[in-house]
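Starting from these lines, generate the structure:
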Amino acid sequence: MNGEREVLRDGAIPADGPEEAVGRPAPEQPEGAGPDPGVPRNAAAARDMVTRLLETEFCVLGEEGPVDVVVADALLVTSELVTNAVRHGGGLTGFTAEITDDGLLLTVADASTRAPVTEERDPAAASVGGYGWLLVRRLARRVSITYLPDGKHIVALVALT
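All right, here's what the predicted structure looks like:
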């Protein structure tokens, strides 16, 4: 399962088997295994990192206007990617955020080789959750997944304009 598959806003990543399509939680990490130092513990810590980055390199937060929407989108994508890594990806094993000429570039690594759930859900169904990957695909300008023998890296570019 090595390689990279890019997902465009309206594209889909085909699951490689039924176990990848169902989105059940990944197995627990072995004791002693964990993220590299500097990796946020949870989605709130990742949002804090991104907030500080945006404050220093992009804008002054708290101003009213279109910037608020851009920042909210960036923080939502951050939350969803990190939460999915923790809940379904065997744990967050890496996280970086940087401002580029194209926008906010987020890289989230986890310990699972399973693809994110990609099927559209019926909003009329009374299910809770399951919309995170769809939100990421809708809000990010570009999303790619690189599969590695011991997990995957998801890279999302969020426009800051």
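
State the next helix or strand along the chain beyond the helix or strand bottoming out on mean pLDDT in the chain.
When the helices and strands of the chain are scored by mean pLDDT, DSSP states H and E, helix 18-21 comes last with a mean of 33. Next along the chain after helix 18-21, taking DSSP states H and E as the criterion, comes helix 43-57.

Would you mind writing the CA trace of that next one as CSV?
Below are the C-alpha coordinates for helix 43-57, written out as CSV (Å, rounded to 0.1, in the frame of the first residue of the first chain):
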residue,chain,number,x,y,z
ALA,A,43,-6.7,18.3,18.7
ALA,A,44,-6.8,21.2,21.1
ALA,A,45,-3.0,21.3,21.4
ALA,A,46,-2.7,21.1,17.6
ARG,A,47,-5.2,24.0,17.2
ASP,A,48,-3.2,26.0,19.7
MET,A,49,0.0,25.4,17.6
VAL,A,50,-1.8,26.5,14.4
THR,A,51,-3.4,29.5,16.2
ARG,A,52,0.1,30.7,17.3
LEU,A,53,1.5,30.1,13.8
LEU,A,54,-1.4,32.1,12.2
GLU,A,55,-1.0,34.9,14.8
THR,A,56,2.7,35.3,14.1
GLU,A,57,2.8,34.8,10.3
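
Tell me the buried residues in the helix or strand just after it?
Proceeding N to C from helix 43-57, the next assigned helix or strand is helix 66-88, under DSSP H and E. For helix 66-88, burial by neighbour count (16 or more other CB atoms under 10 Å) applies to 67, 70-71, 73-88. Any C-beta I mention is one placed from the backbone N, CA and C, and that applies to glycine too.

Kindly calculate the angle that helix 66-88 makes with helix 43-57.
Counting by axes from the mean of the first three to the mean of the last three CA atoms, to 10 degrees, helix 66-88 lies at 150 degrees to helix 43-57.

for helix 66-88, packing partners?
With contacts defined as 3 or more CB pairs under 8 Å, 6 or more residues apart in numbering; DSSP states H and E, helix 66-88 has these neighbours: helix 43-57, strand 92-100, strand 103-110, helix 132-139, strand 151-158.

In a markdown table: the ones you listed, plus mean pLDDT, mean neighbour count and distance to residue 145.
Compiled in a markdown table, the helices and strands packed on helix 66-88 are given as follows (pLDDT from 0 to 100; neighbours: other CB atoms under 10 Å; distance: least, CB to CB, whole Å):
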| stretch | mean pLDDT | mean neighbour count | distance to residue 145 |
| --- | --- | --- | --- |
| helix 43-57 | 93 | 16 | 18 |
| strand 92-100 | 96 | 17 | 14 |
| strand 103-110 | 97 | 23 | 10 |
| helix 132-139 | 92 | 18 | 11 |
| strand 151-158 | 97 | 21 | 5 |
